[in-house]
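1. Model the following, please.
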Amino acid sequence: MCSNYRPVTRTDRLLTFFGVERERDDPPPQDVFPSGLAPMILLAPNDGATPRRHVALQEAIFRFVPDFIAKVEWARRTYNARAETVATRSAFRAAWAKGQRCIIPAECIYEANYETGKAVRWAIRQAGDVPLGIAGIYEVWTTPEGDHRFGMAMLTVNADDHPFMRRFHRPEDEKRMVAVLSPSDYAAWLACPVTEAQAFLRPWHGPLEGEPAPLPPRSKARTVEPPPPASGDLFG
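-> This next block holds a predicted model:
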């Protein structure tokens with residue numbers, strides 16, 4: 001399971017690897033933890049003017065059920081959704097049935113490695129300075145003040161047999177990994193019918209690399225106010 005990661009925030013990398021435009025660069029990307037804010041990519045509403053669907057870049061809370069909805073322990077752990085139960089678990093099933101899928105762009109994710117006998121945080125990334133496009137699901141919530149806020153969760157799959165990701169998590173625990181999408185599948189993942197979406201949720205066997213990355217002292221999640229969404233065209 002992934003409880004913290006480093007998002008893609010640079011305008012040039014978002015455009016090059018995901019086909020979305022952003023009006024301005026954020027400060028250098030910082031690690032995001034549950035309830036922090038980070039970009040996600042989703043289908044923009046179809047205005048009817050063109051048969052092609054566009055994508056939008058939207059800031060979202062890295063946690064599906066935010067504090068203003070519920071503060072109980074189960075809600076605080078809704079930053080990951082299991083592929084096997086996303087269609088039936090009460091927190092996620094409505095969004096899944098509505099096809100509210102997204103791509104979460106990540107420079108790297110972090111997982112705990114226990115090969116030394118204790119937990120050591122590792123940074124895991126794709127080789128060649130290529131970011132990861134992680135399959136996600138999102139919901140839109142209304143705050144008590146009447147504002148709209150997006151919440152997102154990363155989808156995860158079993159990784160017991162994955163040659164690299166099975167090195168992570170406690171020895172006695174099931175091995176899990178985020179569902180990484182092939183870039184050639186980005187458009188289809190966002191737009192396909194719900195009945196076809198499960199086919200994209202499988203272990204990623206592209207090149208991955210990692211190294212120890214202990215938390216720096218007093219690391220904090222990024223919690224800035226979300227900017228207006230920017231749009232781009234994923235379909236070229």
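2. Name the nearest residue to Arg170, sequence neighbours excluded.
-> Leaving out its chain neighbours, the residue that sits closest to Arg170 by C-beta to C-beta, 6 or more residues apart in numbering is Tyr114, at 5.9 Å. Every C-beta, even on glycine, is put in place using the N, C-alpha and C of the backbone.
3. Just give me the neighbour total for the one you found.
-> Using other C-beta atoms under 10 Å, Tyr114 is surrounded by 15 other residues.
4. check contacts around it.
-> Val120, Phe168, His169, Arg170, Pro171 (C-beta atoms under 8 Å, 6 or more residues apart in numbering).
5. What is the nearest of the residues you listed to Ser90?
-> Top of the list for closeness to Ser90, among the contacts of Tyr114 and by C-beta to C-beta, is His169 at 24.9 Å.
6. Identify the residues contacting that closest one.
-> Residues near His169 by C-beta under 8 Å, 6+ apart: Met1, Glu111, Ala112, Tyr114, Lys175, Arg176.
7. can you pick the most crowded of the residues you listed?
-> Counting neighbours by other C-beta under 10 Å, the top entry in those is Glu111, with 26 neighbours.
8. mind checking which helix or strand Met40 is in?
-> Counting by DSSP states H and E, the element that carries Met40 is strand 37-43.
9. Heading C-terminal from that strand, find the next helix or strand.
-> Heading C-terminal from strand 37-43, the first helix or strand you meet, by DSSP H and E, is strand 55-62.
10. Next secondary structure after the longest strand that the chain contains?
-> Identified as the longest strand of the chain according to DSSP state E is strand 101-113. Using DSSP H and E, the helix or strand that follows strand 101-113 towards the C-terminus is strand 120-126.
11. what residues does that following strand touch?
-> Contact with strand 120-126 is made by 6, 107-114, 131-132, 164-165, 168, 180, 206-215, as judged by C-beta under 8 Å, 6+ apart.
12. Give me the below-cutoff pLDDT ranges for the protein.
-> Scanning the chain with the threshold set as pLDDT under 70 gives 25-27, 46-53, 218-236.
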